[in-house]
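>>> task: produce atomic coordinates for the following.
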Amino acid sequence: MCGIIGVTGNGPVVPRLIDSLKRLEYRGYDSAGVAAVVDGHVERRRAQGKIRNLEAVLAEEPMKATVGIGHTRWATHGGPTDLNAHPHVVDGGKLAVVHNGIIENYESLREMLRGKGYEFVSQTDTEVIAHLIHSLYRGDLFASVREAVGQLHGAYAIAVLHKDQPHTVVGARQGSPLVVGLGNGENFLASDALALAGSTERFIFLEEGDVCELSLEGVRIA
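Next up, the predicted model:
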């Protein structure tokens, strides 16, 4: 069980992510991390252990962004190491993914992707999701996520960023909870409505198989 958060807004996103991750820390305390699009590429900060360790990393290496995703991890595939910590970023900082759940066919997907030239640096099933989405990306993140999750067997709730759509977070769920929070000029995605306490009281609880797109303009679900 892990906790994920996504925020699209106009103000500094990192404090929002950290506040929500603290509310989700009961879902996992092996590592924590955040990612955001900064100056045209995805930047990431990760740390083993509790969220206070991530806060220390961010104090030394701050990020300025208005859209981002975050994760607090309970280790399943792969031990609690820096390389296994989320978010997973691929293709030289183009795309980032956070994930809660277990992908049952990740080994066969990993071998398929290796055959296409993808290299893996972690032991996680989540890195497979990131490379799979990247392999299908043709300029529309929503479409590539929807196509990718059609190939996943198991349970997942994910949030995804891409540098080419810097004001957008795409999410999807199957077998793991995910809730959308609706704000004024900002929107949210989280494993638990508790993570969004104080930010909004308007929620959409995603159904099995839903894919959603959050932007400043609104939310799309299909």
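>>> partners of H71 in the sheet?
Taking DSSP bridges as the rule, H71 bridges to I4, G33.
>>> no, scratch that, I was asking about N187
Note on N187: beta-bridge partners T8, L182, judged by DSSP bridges.
>>> correct me, but it touches S215?
Yes. Counting by C-beta atoms under 8 Å, S215 is a contact partner of N187 at 7.2 Å. (Glycine included, C-beta is placed from N, CA and C.)
>>> overlap in contacts, these two.
T8 (C-beta atoms under 8 Å, 6 or more residues apart in numbering).
>>> more neighbours: these two, which one.
N187 (27 against 15; other C-beta atoms under 10 Å).
>>> distance of that one from P12?
Distance, N187 to P12, by C-beta to C-beta, to the nearest Å: 16 Å.
>>> which residues does the helix or strand hosting S144 contact?
In the assignment (DSSP states H and E), S144 maps to helix 141-149. For helix 141-149, contacts defined as C-beta under 8 Å, 6+ apart pick out 129, 132-134, 136-138, 156, 158, 160, 162, 164-165, 168, 170, 172, 174, 209, 211, 213, 220, 222.
>>> one more time with 10 Å, if that's ok
Helix 141-149 is contacted from outside by 95, 97, 109, 128-138, 140, 156, 158-162, 164-165, 168-174, 209-213, 220, 222, using C-beta atoms under 10 Å, 6 or more residues apart in numbering.
>>> okay, it in PDB with CA atoms only?
Extracted C-alpha coordinates of helix 141-149, given in PDB (Å, rounded to 0.1, in the frame of the first residue of the first chain):
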ATOM      1  CA  LEU A 141      -0.500  11.900 -22.500                       C
ATOM      2  CA  PHE A 142      -4.100  11.000 -21.800                       C
ATOM      3  CA  ALA A 143      -4.300   8.700 -24.800                       C
ATOM      4  CA  SER A 144      -1.000   7.000 -24.100                       C
ATOM      5  CA  VAL A 145      -1.900   6.400 -20.500                       C
ATOM      6  CA  ARG A 146      -5.300   4.900 -21.500                       C
ATOM      7  CA  GLU A 147      -3.600   2.700 -24.100                       C
ATOM      8  CA  ALA A 148      -0.900   1.600 -21.600                       C
ATOM      9  CA  VAL A 149      -3.200   0.600 -18.700                       C
END
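>>> averaged pLDDT, it. What do you get?
Helix 141-149 carries an average pLDDT of 98.
>>> next SSE downstream of it?
Next element after helix 141-149 (DSSP H and E): strand 156-162.
>>> right, I'll call it a day here.
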